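Student: Pasting the sequence and the predicted coordinates here, then a few questions.
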Amino acid sequence: MPTDQKLALAPRGAIAGVDDGTNFWCFYTTDTNGVYQFRVDAKGAITKPQQVQLDDTPIPRSPLSGVVVKHGKQTKIVLFYLLRHGDVNLFATTLTATTPSATDSWDSSSSVCLNPKPTYPITGIQAGISGQAVPMRYESDTWYPGQTPEHLIQNSLFLHALKKFQARDPAQKLSFFQIGGIHGMPYKPWDEDTKPVTPEEGYCTHDSILFPTWHRPYVMLFEQALYEIMVGEIIPKLPQTQQKAWTDAASTWRLPYWDWAQKKVRQGNDTAIYDIPLIAKEPRIGVYDEKDGVSVIYIDNPMYKFVMPGNKAMGLYGVTDVKDIVKKVQIDIPFEQSVGTSRWAAYEAEGSKISTDWVDGKVDNTKITQALNNHAWYGGLSAIDNVPLAEMVYRLYIKDYISNYTQFATTKYKTSSKYDPDAPSAFLNLEYVHNNIHNWTGGFGGSFTGHMAEVPVAGFDPIFFFHHCNVDRLFALWQDVNQLSDKNWFDKEDDQLTDDGNWSNKEHELDTPLTYLSPFHRDTKSTYFTSDDVRDFKKYGYTYPELQPWLAKYKDGQGNFDVNAYINDVEDQIRNLYSPENASDVGKAQGFTSLGFEKWTKDIIVNITYDRFAFGGVPFTIYLFVGDPSTLGDDDSPLHAKAQLVGYVYTFSNPALPQQNQRGCQACQRKLNEGSKSRAQVPITGALVARLASGHPQLPTGIPPLANLESHSVENYLEKNLHWKVVSHGGHELDIPEDNPFIHVSVYHREARFDDVTNAAQYQHLPTATGSKPGGFIH
């Protein structure tokens with residue numbers, strides 16, 4: 001074949017040959033999943049490859065096969081390929097035996113389906129839409145307890161629907177158990193008849209560029225299933241006099257989100273704190289009786305925990321134990337025996353005696369609140385958090401701090417020579433912040449654990465979907481404030497990363513906006529969602545309070561939408577919610593005057609790369625401390641409560657099972673062998689401001705004062721006082737080898753605040769701050 005006619009065959013593409021007696025036809029697939037053809041005549045002449053014009057394209061890695069059918073003087077070539085999982089389309093062209101042509105039209109009207117079973121269509125709730133305005137997903141604590149008649153009805157609708165949802169037979173496709181299990185165990189196909197492309201893997205997309213987009217239809221599925229219960233099972237049984245009000249309330253209901261980065265004022269507290277939603281706090285909860293729609297009754301709270309129907313163990317439906325490490329010994333956490341979900345339950349290993357608390361599901365919501373709120377010694381330093389959660393969220397939206405979608409979306413460090421995340425600010429990302437919330441909610445520290453903290457079982461805790469609704473919101477906010485940027489998507493190869501492999505995606509394949517978000521379908525005909533499909537979230541019937549572009553305030557003098565006014569206003573709302581400057585203003589209003597955001601004249605960040613599969617996928621936490629290392633153990637408080645703590649990084653990885661005949665994350669071992677890295681960032685400016693000698697009257701024992709925030713002072717101070725520990729989820733401290741460390745820690749300093757975008761100051765590496773320590777990074 002001439003050099004200008006070489007085949008552009010896709011990696012792992014398909015090729016098929018057909019001999020019609022006069023010509024030999026060759027068909028092949030390209031990297032865009034298109035089908036091309038060329039033919040060779042009896043004299044050996046080869047035509048130039050041309051694309052076959054088809055109504056639809058094969059799925060990635062589809063096989064091709066062709067046959068010749070002759071009828072009288074006509075010759076028909078029939079081409080077979082996979083259009084969707086379970087479907088085969090037959091495309092045929094009618095050719096004459098003497099004048100075949102590569103430009104013949106193809107008849108796409110003939111198709112057969114090998115799997116006629118319809119798939120569940122995720123459309124989003126389409127009720128309640130008025131023109132351009134779509135209903136909002138509200139922050140949970142602004143929605144519950146309801147402050148309007150509509151929200152009061154929605155509170156009851158949601159709780160009744162969730163309770164019925166959780167009571168469904170786990171064998172049902174649309175049961176709470178099966179939908180929760182999509183995230184991890186029991187590692188079975190959902191709404192499709194498939195086998196794993198990557199053996200022994202689930203649908204998980206963590207450490208993936210698809211992380212935000214895959215979870216979007218997942219949350220939509222959960223929301224839609226609840227709505228269908230509301231209108232199909234609850235409202236029809238109400239008295240006729242109540243049905244209209246409840247139907248109207250259902251039409252505008254959307255799943256609430258848990259804004260874990262927004263502090264809440266709680267009864268009995270003088271200051272705002274990080275906390276879980278009010279609706280998830282208590283084991284019993286009041287609702288309107290679904291019999292009359294008026295009387296108030298109390299029910300077991302389905303947001304408090306999920307209890308298996310019939311009090312059957314999860315292991316009966318394919319959930320197995322989860323691996324961990326305690327005192328250098330690999331142990332099993334007995335999730336197989338769980339009947340109810342747990343948060344901060346006492347840590348138990350698999351054995352002959354498992355406590356009733358563990359089996360039934362132990363929930364300690366007070367420990368969730370305690371885990372992330374401020375050290376007592378911070379006092380009135382209102383702009384400073386023990387763990388800078390709100391500040392990390394705020395940084396995600398600073399112009400040029402996170403410059404493209406890939407940096408924003410995933411913990412994945414680097415799998416492409418064209419993608420370079422080495423800009424110091426770019427180590428912060430949405431997925432990493434999300435990981436810490438799983439740890440915070442489930443339980444950690446060696447003495448406690450729970451479902452939310454473990455990838456294989458996290459989806460069974462009902463708070464999971466409030467959490468991921470907020471993750472979707474943060475993604476939507478980023479999309480809208482970056483809508484004018486040419487780097488707000490990953491359609492360019494430079495911004496695409498390879499996949500680690502899961503149930504649907506082959507390991508090492510490049511993830512693109514057209515990669516299927518399995519197992520989620522757009523229709524009953526097995527059409528999978530792609531990231532491009534979910535890019536415009538408002539068409540699925542929901543938005544968030546900050547994102548209402550139809551409002552009059554975004555119209556210019558001619559009544560046209562002013563996109564810049566909209567973006568500026570959304571950025572202002574983000575600043576008001578999460579900026580340390582705003583927190584400082586709140587603190588001043590409450591009478592705190594000791595320190596505020598005016599002290600933040602520099603910026604100091606700690607960047608970490610880590611191998612999340614260093615211990616066979618067993619998750620671990622990296623704790624960062626600033627203080628005298630020799631005094632850290634002077635008290636018996638857990639690591640997350642130490643006065644020196646300035647932040648942590650949780651890997652939220654899926655433990656591999658060493659036995660070949662058991663389910664687990666085989667990709668863990670492959671990624672360990674390949675040295676795959678993930679990334680995270682802990683801003684420590686606020687923590688260092690709290691340690692300024694001029695700022696705090698009395699620092700705790702073991703925390704020396706810092707002279708100032710100049711780079712030389714910070715580097716010398718951190719060389720002596722910055723240290724870290726790596727601890728398995730089971731509480732075992734993990735050694736960091738000097739010759740091949742599985743983490744690298746580095747510190748960067750900027751001669752300006754992180755949100756001062758007018759300043760051209762760059763981040764400078766402070767090598768001696770970490771270089772002499774295990775896992776310390778030296779350029």
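Tutor: Received, thanks.
Student: My read is that residue 769 contacts residue 720, right?
Tutor: No - when contacts are counted by Cβ atoms under 8 Å, residue 769 is not listed as touching residue 720 (9.4 Å). (Each C-beta comes from the backbone N, C-alpha and C, glycine too.)
Student: mind showing which ranges of the stretch 51-200 of the chain have poor pLDDT?
Tutor: By pLDDT under 70, the weakly predicted segments of the stretch 51-200 of the chain are 53-57, 59-61, 71-75, 83-116, 199-200.
Student: all strands of it, in order?
Tutor: Under the criterion DSSP state E, counting those that start in this stretch, the stretch 51-200 of the chain contains strands at 64-71, 74-84, 87-96, 111-113.
Student: what do you get for the stretch 351-500 of the chain?
Tutor: Counting by DSSP E, counting those that start in this stretch, the strands of the stretch 351-500 of the chain are 448-449.
Student: residue ranges with poor pLDDT in it?
Tutor: Across the stretch 351-500 of the chain (using pLDDT under 70), the flagged ranges come out as 351-352, 374-383, 386, 415-422.
Student: Please apply the same query to the stretch 651-779 of the chain.
Tutor: Checking the stretch 651-779 of the chain against pLDDT under 70 turns up 656-675, 695-697, 778-779.
Student: in the stretch 251-400 of the chain, which spans are helices?
Tutor: According to DSSP state H, counting those that start in this stretch, the stretch 251-400 of the chain carries its helices in the segments 356-360, 365-372, 389-395.
Student: Residue 769 and residue 720: which has the busier surroundings?
Tutor: Shown here are residue 769 and residue 720; by other Cβ atoms under 10 Å, residue 769 has more neighbours (27 against 13).
Student: all strands of the stretch 501-650 of the chain, in order?
Tutor: Counting by DSSP E, counting those that start in this stretch, the stretch 501-650 of the chain has strands at residues 516-521, 528-530, 603-610, 620-626, 645-650.
Student: and of the ones you listed, who's closest to residue 437?
Tutor: strand 645-650 (8.9 Å; Cβ to Cβ).
Student: Now mean neighbour count too, for the strands of the stretch 501-650 of the chain, in CSV please.
Tutor: Listed next are the strands of the stretch 501-650 of the chain as CSV, based on neighbours: other Cβ atoms under 10 Å:
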stretch, mean neighbour count
strand 516-521, 24
strand 528-530, 20
strand 603-610, 24
strand 620-626, 23
strand 645-650, 24
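Student: Turn the ones you listed into JSON lines, including mean pLDDT and distance to residue 249.
Tutor: Shown next, in JSON lines, are those (pLDDT from 0 to 100; distance: least, Cβ to Cβ, whole Å):
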{"stretch": "strand 516-521", "mean pLDDT": "96", "distance to residue 249": "27"}
{"stretch": "strand 528-530", "mean pLDDT": "95", "distance to residue 249": "29"}
{"stretch": "strand 603-610", "mean pLDDT": "96", "distance to residue 249": "46"}
{"stretch": "strand 620-626", "mean pLDDT": "95", "distance to residue 249": "42"}
{"stretch": "strand 645-650", "mean pLDDT": "93", "distance to residue 249": "38"}
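Student: hey, where'd the helices end up in the stretch 51-200 of the chain?
Tutor: Using DSSP H, counting those that start in this stretch, the helices of the stretch 51-200 of the chain run over 140-143, 149-167, 176-181.
Student: Please identify the most buried of those.
Tutor: helix 176-181 (a mean of 24; mean count of other Cβ atoms under 10 Å).
Student: And the contacts of that helix?
Tutor: By Cβ atoms under 8 Å, 6 or more residues apart in numbering, the surrounding residues in contact with helix 176-181 are 162, 165-166, 168, 170-172, 188, 190, 221-222, 225, 306, 308-309, 314, 317-319, 459-460, 462, 464.
Student: Send me that helix as PDB with only the CA atoms.
Tutor: Below are the C-alpha coordinates for helix 176-181, written out as PDB (Å, rounded to 0.1, in the frame of the first residue of the first chain):
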ATOM      1  CA  PHE A 176     -31.000   0.800  47.500                       C
ATOM      2  CA  PHE A 177     -28.600  -2.100  48.000                       C
ATOM      3  CA  GLN A 178     -27.900  -2.600  44.300                       C
ATOM      4  CA  ILE A 179     -27.600   1.100  43.500                       C
ATOM      5  CA  GLY A 180     -25.300   1.600  46.500                       C
ATOM      6  CA  GLY A 181     -23.300  -1.400  45.400                       C
END
